[in-house]
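**Q** sequence and predicted structure below; questions after.
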Amino acid sequence: MQPFVISVKGLKPGRSHLDWHADGSFFASYDNSEVKDADLDISVDIDNGEFEVVVNCVIEGTVTVLCDRCLEDLTLPVSTSFEEDETLDLNQDIYDYVCISLPMQRVHPDGGCNEETLKYLSK
């Protein structure tokens, strides 16, 4: 698993910024993931105040899933963000927010599906 964990001990007071990258191996560590591959840039801003730590996370990039229609690889854009103020282990948060940002039906644009598969579906 990729280390999207922030050490509270190592945080300096004030604002900090981190940039991470997640690929398919991150999603492979989750046994039930529908994401086959990924190319995600993760930007994290941390505000370490006197009494609380606030984390703002922005995730941009693409993930590869199966097309619901032809079952071929489909690359979808991802653009999501979240704020966290209780825990600093961001692994589950990153996984969850990417998964919920995906559309319910995942299909290629018109003309993008595998033509051989579509022949069987139109019968």
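**A** Looks like it came in fine.
**Q** what residue lies at the spatial centre of this structure?
**A** In the chain, the C-alpha nearest the mean C-alpha coordinate belongs to V98, at 3.3 Å (C-alpha atoms, centre = their mean).
**Q** all strands for this structure, in order.
**A** 14-23, 37-48, 53-66, 73-84 (DSSP state E).
**Q** returning to that earlier point: neighbours around the closest residue to the residue nearest to the centre of the chain other than its chain neighbours, how many?
**A** Once flanking residues are discounted, V98 sits nearest to V78: 5.5 Å by C-beta to C-beta, 6 or more residues apart in numbering. Heads up, the C-betas are built off the backbone N, CA and C, glycines and all. Counted with other C-beta atoms under 10 Å, residues neighbouring V78 total 20.
**Q** my read: V78 touches V65, true?
**A** No - applying C-beta atoms under 8 Å as the test, V78 and V65 come out as separate, 10.6 Å apart.
**Q** between those two, what contacts are shared?
**A** L102 (C-beta atoms under 8 Å, 6 or more residues apart in numbering).
**Q** and stretch 110-120, how far out from the chain's middle?
**A** Offset of stretch 110-120 from its chain centre (C-alpha atoms, centre = their mean, to the nearest Å): 28 Å.
**Q** gap between the two ends of it?
**A** 17 Å (C-alpha to C-alpha, to the nearest Å).
**Q** need the residues that contact it.
**A** Contacts for stretch 110-120 (C-beta under 8 Å, 6+ apart): C67, R69, C70, L71, E72, V107.
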